[in-house]
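S.K.: The following block contains a protein sequence and its predicted model.
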Amino acid sequence: MIATLDDLDVEGTTVGVRVDVNSPIDDGGLADDARLRAHVDTLSELLDRGGRVAVLAHQGRPGSDDFVSLASHADRLSELLDRPVDYVDATFSHAAREAVRRLENGDCVVLENTRFYSEEYMEFEPERAARTHLVEGLEPVLDAYVNDAFAAAHRSQPSLVGFPTVLPGYAGRVMETELDVLGSIEETPEPRVYVLGGAKVPDSIDVAWSVLEKGLADHVLTAGVVGNVFLIADGVDLGDASSDFIYDQGYWDEIDRASDLLDAYGERIAIPRDVAVSRDGDRHELGVNALPPAEGEAAMDVGSSTLEYYRRILDDAGTVILNGPAGVFEEAAFERGTRDLYDAATAVPTSIVGGGDTASALRQLGVEGFSHVSTGGGAALRMLTAEPLPAVTALEHDERASD
């Protein structure tokens, strides 16, 4: 049992709220605020109910261009929440604690990027995470902890699993919704179709094995690099360009796993019937019988025959779960597969989209109308394979949340 905001006596309570606002950065500022907007309901509710809110979040990875402070995030949150949001360039130091202590009812402060602190980039068991400098530094000035960062829930870092070990822990509204939707896939209408695309081949094959073995999927449709791996596993020669990419990504062993899946569940796994390549600067489609393509041509998207085949399957579906684009949607010539496939999915009675890159693709393409778009990519995949999420387990083990 996980406690939610409904179980928290908020007024006058100082709450540490872990969110996931890890966003694209452009010229030092936010290029996309979708992840911030996702947490507005949780933060607004806590502030409207008289809470004193200290926001914890990470941005980027050490050494990357998007490894920046959260100052611009605080400015944007102030606009989204329509109230002042302070920012302090410290996470657990004396300055951070004083900023939290000064909060009045309805006040909010964003603490500095948790990954500026080295231990936050490591993973620990909850009890050990509770003894890190971050948790020990902030715990004295907090009364409760709310985790709304579903997109990071597959991590076991101090800000995610340490605090609910020493403080009453609650799920925020984003976390609560994600667990309700993704945790009850087996209750959704049948037939149930999984569309697995993108380039996260090992994760997608894990999902395919899990949902097929458990009888959760009536069909698995493959696309993107995932589809290319299954084509090679089925004996199709995709040419050197596509094969070299798969090899360079370290996915060559995944071809054997895909082959095993086809042997075990081939009648329920759909693989592309044609692919699109770039030829003389234009989109050119080739049926699998016409492969391999010319030298240097790579499979960049699924083709028209594949889309028609997949649409027929989706027309009969009661539920569709989608993860990963169908091709290199960033290039206009190869956005068709992703756009058409996801447009078709919106007509399915229950349509669930895994987050991360998939959600970004849909925003870029302007495709809307799904039942649920997850905020988490890796976390969503872990839930779909029934793997435990450390941050969720930490909340489940917190008996004080119900005191």
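M.R.: That came through, no problem.
S.K.: How many neighbouring residues does the residue nearest to residue 124 when sequence neighbours are not counted have?
M.R.: Spatially, and ignoring its direct neighbours in sequence, residue 124 is nearest to residue 156 (6.1 Å; CB to CB, 6 or more residues apart in numbering). Just so you know, the C-beta spots here come from the backbone N, C-alpha and C atoms, and that holds for glycine as well. Neighbour count of residue 156, defined by other CB atoms under 10 Å: 20.
S.K.: Same check on the one 10 residues further on?
M.R.: Residues near residue 166, counting by other CB under 10 Å, number 21.
S.K.: Residue 155 versus the residue lying closest to residue 24 once chain neighbours are set aside, what's the distance?
M.R.: Among residues not flanking residue 24 along the chain, residue 31 sits closest, at 4.1 Å (CB to CB, 6+ apart). Per CB to CB, to the nearest Å, residue 31 is found 23 Å from residue 155.
S.K.: Which one's more surrounded, the two?
M.R.: Using other CB under 10 Å, the more surrounded residue of residue 31 and residue 155 is residue 155, with 21 against 10.
S.K.: That one contacts residue 394, doesn't it?
M.R.: No - using CB atoms under 8 Å as the test, residue 155 is too far from residue 394 to be in contact (10.8 Å).
S.K.: Return the residues in contact with residue 105.
M.R.: Contacts for residue 105 (CB atoms under 8 Å, 6 or more residues apart in numbering) come out as 11-12, 50-52.
S.K.: ok, and what's touching stretch 337-347?
M.R.: In contact with stretch 337-347 (CB under 8 Å, 6+ apart) are residues 195, 197, 223, 276, 301-303, 306-307, 310-311, 314-315, 320, 322, 325-327, 329, 351, 353, 361-362, 365, 367-370.
S.K.: Quick one: buried ones out of those?
M.R.: 195, 197, 223, 276, 301-303, 306-307, 310, 314, 320, 322, 325-327, 329, 351, 353, 361-362, 365, 367, 370 (16 or more other CB atoms under 10 Å).
S.K.: If you count neighbours, what's buried in stretch 288-306?
M.R.: For stretch 288-306, burial by neighbour count (16+ other CB under 10 Å) applies to 288, 291-293, 297-303, 306.
S.K.: can you put the residues you listed in CSV and add pLDDT and secondary structure?
M.R.: Output for these, formatted as CSV (pLDDT from 0 to 100; DSSP: H, G, I helix; E, B strand; the rest coil):
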residue, pLDDT, secondary structure
288, 95, helix
291, 95, coil
292, 95, coil
293, 95, coil
297, 95, coil
298, 95, coil
299, 96, coil
300, 97, coil
301, 97, strand
302, 98, strand
303, 97, coil
306, 98, helix
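S.K.: Now do the buried residues in the strand or helix carrying residue 343.
M.R.: Element membership for residue 343, per DSSP states H and E: helix 336-345. Buried residues in helix 336-345, counted by 16+ other CB under 10 Å: 336-342, 344-345.
S.K.: can those go into TSV with extra columns for pLDDT?
M.R.: Putting the buried residues of helix 336-345 into TSV (pLDDT from 0 to 100) gives the following:
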residue	pLDDT
336	96
337	96
338	95
339	95
340	95
341	95
342	94
344	96
345	96
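S.K.: what two of these are the furthest from one another?
M.R.: The most widely separated members of the buried residues of helix 336-345 are 336 and 345, with 14.6 Å between them, by CB to CB.
S.K.: While we're on residue 354, how confident is the model there?
M.R.: Note for residue 354: predicted pLDDT of 85.
S.K.: wait, I meant residue 401
M.R.: For residue 401, the pLDDT comes out at 40.
S.K.: cool, residue 66 as well?
M.R.: 93.
S.K.: show me what contacts it?
M.R.: Applying CB under 8 Å, 6+ apart to residue 66 gives the contacts 22-25, 59-60.
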